[in-house]
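Engineer: okay, here's the prediction I keep looking at, along with the sequence it came from:
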Amino acid sequence: MSYTISKLNNASYSHEEIEELRAVFDLAFASGTSISFDTEFNVSSHLQILAEPGFKCVVGPDNFDRVLSNLNRSQIVAGTLGGEVYLAKDEDGKIIGGIVWYGPGREQYDSEDQRKHALAPLMASVPDDVKAWFAGSVALMEEFKRKTFGDMTKTEWYLQRVGVHPDWQGKGVGTALIECGRQNTNGHAIALEAIEPANIGYYEHIGFKNKGHIDVQAPRGDFTVTGLLWQP
């Protein structure tokens with residue numbers, strides 16, 4: 001089974017591509033999907049930044065499945081507008097995985113077009129207390145990033161989201177997506193945030209350094225976010 005990785009053209013992508021990747025992310029991050037690594041530490045579907053245990057603490061288990069698709073679509077659309085999206089496709093051209101990056105000086109939802117086309121639809125789908133929590137948590141997380149990554153917050157790449165179709169997990173697709181991005185950073189560092197201990201261990205295994213953590217109180221539970229940094 002072979003696959004290829006290519007950058008999504010932000011100027012000519014189709015709505016169908018966005019929805020196909022969104023569907024892959026939905027399956028990759030579905031409620032109850034387990035975290036697993038193969039014997040070579042190939043990454044599975046659950047390496048993400050707003051990790052699903054954390055997202056579930058924010059929106060609650062009753063809202064999780066409904067809002068998950070909106071979160072995935074939001075992050076993909078935002079990536080096409082302000083970042084870079086890479087796709088993994090099988091021999092038939094079917095999308096089997098994807099990754100969303102932001103280059104130095106850019107962040108998710110940092111522009112008006114991202115907020116209009118990506119953030120607003122997501123916020124329209126969540127309960128009012130979740131809207132308030134997101135608004136209040138921005139300053140907290142920005143301060144955590146400054147303390148964790150220092151002045152590098154404006155010069156590093158940021159790995160926002162990565163997911164692989166369950167049928168392709170354990171075959172190195174996630175790792176290949178990460179490595180593809182790492183090879184295109186032009187000497188810049190890469191930062192990310194993770195929640196699951198298995199994810200943190202994986203990133204450390206491929207060269208990321210644990211830079212600290214923050215305990216987060218969410219509307220429907222608490223979780224801990226760990227900041228990790230890779231430097232060339």
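Structural biologist: Here it is on my side, so go on. Numbers count the residues shown, from 1 in each chain.
Engineer: so what's the backbone phi/psi at the nearest residue to L119 once chain neighbours are set aside?
Structural biologist: Excluding the flanking residues, the one nearest L119 by C-beta to C-beta, 6 or more residues apart in numbering is Y109, at 4.7 Å. Using the backbone N, CA and C atoms, a C-beta is placed for each residue, glycine as well. According to degrees, to the nearest 10, the main-chain angles of Y109 amount to phi 70, psi 30.
Engineer: same check, this time on S74
Structural biologist: Note on S74: its backbone torsions stand at phi -60, psi -50 [degrees, to the nearest 10].
Engineer: show me how far stretch 76-86 is from its chain's centre.
Structural biologist: Put simply, stretch 76-86 sits 11 Å off its chain's centre (C-alpha atoms, centre = their mean, to the nearest Å).
Engineer: which outside residues touch it?
Structural biologist: 5-8, 10, 13, 18, 21-22, 25, 98-103, 106-111, 113-114, 117-119, 160-161, 177, 180-181 (C-beta atoms under 8 Å, 6 or more residues apart in numbering).
Engineer: show me what the helix or strand containing G98 pairs with in its sheet, parallel or antiparallel.
Structural biologist: Using DSSP states H and E, G98 maps to strand 95-102. Applying DSSP bridges, strand 95-102 is found paired with strand 84-90 (antiparallel), strand 157-164 (antiparallel).
Engineer: and of those, who's closest to Q75?
Structural biologist: The closest of the strands paired with strand 95-102 to Q75 is strand 157-164. By C-beta to C-beta, the value is 5.0 Å.
Engineer: pull the distance from the helix or strand just after that closest one to the chain's centre.
Structural biologist: Elements were assigned by DSSP H and E; along the chain past strand 157-164, the next helix or strand is helix 173-182. With C-alpha atoms, centre = their mean as the basis, helix 173-182 stands 13 Å off its chain's centre.
Engineer: give me the angle between whichever strand or helix holds S6 and strand 84-90.
Structural biologist: Using DSSP H and E, S6 sits in strand 3-7. Put simply, strand 3-7 runs at 160 degrees to strand 84-90, going by axes from the mean of the first three to the mean of the last three C-alpha atoms, to 10 degrees.
Engineer: which stretches in the chain count as helices?
Structural biologist: Assigned by DSSP state H, the helices in the chain fall at 15-28, 52-59, 61-82, 112-114, 120-123, 128-149, 173-182, 197-205.
Engineer: what's the neighbour count on E179?
Structural biologist: Using other C-beta atoms under 10 Å as the criterion, E179 is surrounded by 13 other residues.
Engineer: packing partners for the strand holding S6?
Structural biologist: Secondary-structure packing of strand 3-7 (3 or more C-beta pairs under 8 Å, 6 or more residues apart in numbering; DSSP states H and E): strand 84-90, helix 173-182.
Engineer: okay, those in TSV with mean pLDDT and distance to A124 next?
Structural biologist: Formatted as TSV, the helices and strands packed on strand 3-7 follow (pLDDT from 0 to 100; distance: least, C-beta to C-beta, whole Å):
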stretch	mean pLDDT	distance to A124
strand 84-90	95	23
helix 173-182	91	30
